[in-house]
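Participant: no FASTA, just this:
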């Protein structure tokens, strides 16, 4: 399988005209960059902006979002989460570090980082 059908965690369900997904930010490695591009190549409603996001552009991305996802595997604190909170965006993040104490259960979804 290729494209959306091969993504894990049911993300293939996003390959639906009802949804649009923006992936914004510079991947940590070129391997991750290539993997993301490969997996979403057949997804017409997933928009990758896999680059460093300039300060002047951040507001555009956040305001175009209904919610923000922070798929950390290891984190102590996150400036991105605080930024999303300042824009009043619902947040999906792992139950890690001080994220647990930072986010209110109303307006956020915390998941087990091993899932």
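Facilitator: Yep, it's here. Given the structure is predicted, the values throughout are model-derived calculations rather than measurements.
Participant: mind listing the strands for the protein?
Facilitator: 21-24, 46-49, 68-69, 91-94, 108-111 (DSSP state E).
Participant: what's the single longest helix in the protein?
Facilitator: For the chain, the helix that runs over the most residues, judged by DSSP state H, is helix 30-40.
Participant: Run through the chain and note the low-pLDDT ranges.
Facilitator: Applying pLDDT under 70 to the chain picks out residues 1-16, 76-77.
Participant: Identify the residue nearest the geometric centre of it.
Facilitator: Closest residue to the average C-alpha location of the chain: residue 69 at 3.8 Å, with C-alpha atoms, centre = their mean.
Participant: How about the contacts made by that one?
Facilitator: Residue 69 makes contact with 91, 92, 93, according to C-beta atoms under 8 Å, 6 or more residues apart in numbering. Placement of C-beta: from N, CA and C, glycine included.
Participant: how close does residue 23 sit to residue 112?
Facilitator: From residue 23 over to residue 112 the distance is 22 Å, taken as C-beta to C-beta, to the nearest Å.
Participant: Please apply the same query to residue 59.
Facilitator: Counting by C-beta to C-beta - residue 59 and residue 112 are separated by 31 Å.
Participant: now do residue 66
Facilitator: Separation of residue 66 from residue 112 (C-beta to C-beta) stands at 23 Å.
Participant: Format the strands of the chain as CSV; extra columns: distance to residue 39.
Facilitator: Formatted as CSV, the strands of the chain follow (distance: least, C-beta to C-beta, whole Å):
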stretch, distance to residue 39
strand 21-24, 10
strand 46-49, 9
strand 68-69, 16
strand 91-94, 19
strand 108-111, 20
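Participant: ranking those by burial, who's on top?
Facilitator: The highest mean neighbour count among these, using mean count of other C-beta atoms under 10 Å, belongs to strand 91-94: a mean of 20.
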